[in-house]
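Novice: 3D model of this:
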Amino acid sequence: MESIRSFLALELGKFFKEDISRIIETLRTDKAKVKWVNPDSAHMTLHFFGQLSLDEIESLYAPLSRLASEYKSLELGLDTVGVFPSIKRPRIIWIGLRGDIDFLQSLKTKLNYILKKHGFSPEEKKFIPHLTIGRVKDFKHDYEFSDRLRSVTYSSEGTAKVSEMIFFKSKLTPSGPQYTVLKTFLFEK
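Specialist: As a prediction, the model looks like this:
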């Protein structure tokens, strides 16, 4: 049986493509080796599943549909730029989110409960709503890059109405990941 690399997310790149592109260009440097995301495909991951069978994925469709129906569309905007795990050892560069964060936290808590009930381990780390925009491949204590990371302040004035969760298939390719929508779960309008 085919194994599918998959994750559940909120798609945000389509709303904030230009903003994400500007932030990436501000941070881009020749010294630090960073794999930047395609702004079009920027998303906020709710849960990364890894390899699942189609049967395992489809078994989650009904409970995820019920979960989505409990929520209204979320208003989200971009906030500050940050890094994981620290500015001294950046591995992931991200943009935080603002707006209906309490609803988003509630959605994530209920999602973890549903996943646990269906035999999936919830993620242990604290949930920080964000869009990953870059993965640092080689840092070598690039102080210019650290200074750029510290100095970038950003907060969008606009927000986007996010009306769905999406189950994605992810295929890794040399030019970057390719995402295919497997199923969409609409929030209550």
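
Novice: could you use CA atoms for every contact and neighbour count after this?
Specialist: Noted.

Novice: what's Lys161 in contact with, if anything?
Specialist: Ser73, Leu74, Glu75, Leu76 (CA atoms under 8 Å, 6 or more residues apart in numbering).

Novice: in strands, which of these fall?
Specialist: Leu74, Glu75, Leu76 (DSSP state E).

Novice: and the gap between the last one and Ser3?
Specialist: What that stands for is Leu76. 33 Å (CA to CA, to the nearest Å).

Novice: kindly report the same for the second one.
Specialist: Distance, Glu75 to Ser3, by CA to CA: 34 Å.

Novice: who's more crowded, those two?
Specialist: Glu75 (17 against 12; other CA atoms under 10 Å).

Novice: the strands in this structure, which residues?
Specialist: 3-11, 33-36, 43-53, 74-86, 89-99, 130-138, 160-162, 164-171, 178-186.

Novice: which residues does the residue nearest in space to the middle of the chain bridge with?
Specialist: Taking CA atoms, centre = their mean, the centroid of the chain lies closest to Met44, which sits 2.4 Å from it. Judged by DSSP bridges, the bridge partners of Met44 are Leu10.

Novice: quick one: residues contacting the residue lying closest to Thr184 once chain neighbours are set aside.
Specialist: In this structure, Thr184 finds its nearest non-sequential neighbour in Ile166, 4.6 Å apart by CA to CA, 6 or more residues apart in numbering. Residues near Ile166 by CA under 8 Å, 6+ apart: Leu8, Ala9, Leu10, Glu11, Val181, Leu182, Lys183, Thr184, Phe185.

Novice: list buried members of these by neighbour count.
Specialist: Leu8, Ala9, Leu10, Glu11, Leu182, Lys183, Thr184, Phe185 (16 or more other CA atoms under 10 Å).

Novice: hang on, isn't the last one packed against Met165?
Specialist: What that stands for is Phe185. Yes. Phe185 lies in contact with Met165 (CA atoms under 8 Å); the separation is 5.1 Å.

Novice: what sits in contact with each of the two?
Specialist: With CA under 8 Å, 6+ apart as the test, Phe185 and Met165 both reach Ala68.

Novice: shaky segments in the protein?
Specialist: 1, 141-143, 153-156, 189 (pLDDT under 70).

Novice: and the helix ranked longest in it, how far out from the chain middle?
Specialist: Ranked by residue count, the top helix of the chain under DSSP state H comes out as helix 101-117. A distance of 15 Å separates the C-alpha centroid of helix 101-117 from that of its chain, computed with CA atoms, centre = their mean, to the nearest Å.

Novice: using PDB, write down the CA coordinates of that helix.
Specialist: The C-alpha trace of helix 101-117 is given here as PDB (Å, rounded to 0.1, in the frame of the first residue of the first chain):
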ATOM      1  CA  ILE A 101      -5.000  33.300  18.200                       C
ATOM      2  CA  ASP A 102      -7.200  32.100  21.100                       C
ATOM      3  CA  PHE A 103      -9.500  30.300  18.600                       C
ATOM      4  CA  LEU A 104      -6.500  28.900  16.900                       C
ATOM      5  CA  GLN A 105      -5.100  27.600  20.200                       C
ATOM      6  CA  SER A 106      -8.500  26.100  20.900                       C
ATOM      7  CA  LEU A 107      -8.600  24.400  17.500                       C
ATOM      8  CA  LYS A 108      -5.100  22.900  18.100                       C
ATOM      9  CA  THR A 109      -6.100  21.600  21.600                       C
ATOM     10  CA  LYS A 110      -9.200  19.900  20.200                       C
ATOM     11  CA  LEU A 111      -7.200  18.600  17.200                       C
ATOM     12  CA  ASN A 112      -4.700  17.000  19.600                       C
ATOM     13  CA  TYR A 113      -7.500  15.400  21.500                       C
ATOM     14  CA  ILE A 114      -9.000  13.900  18.300                       C
ATOM     15  CA  LEU A 115      -5.700  12.700  17.000                       C
ATOM     16  CA  LYS A 116      -4.900  11.000  20.400                       C
ATOM     17  CA  LYS A 117      -8.300   9.300  20.300                       C
END
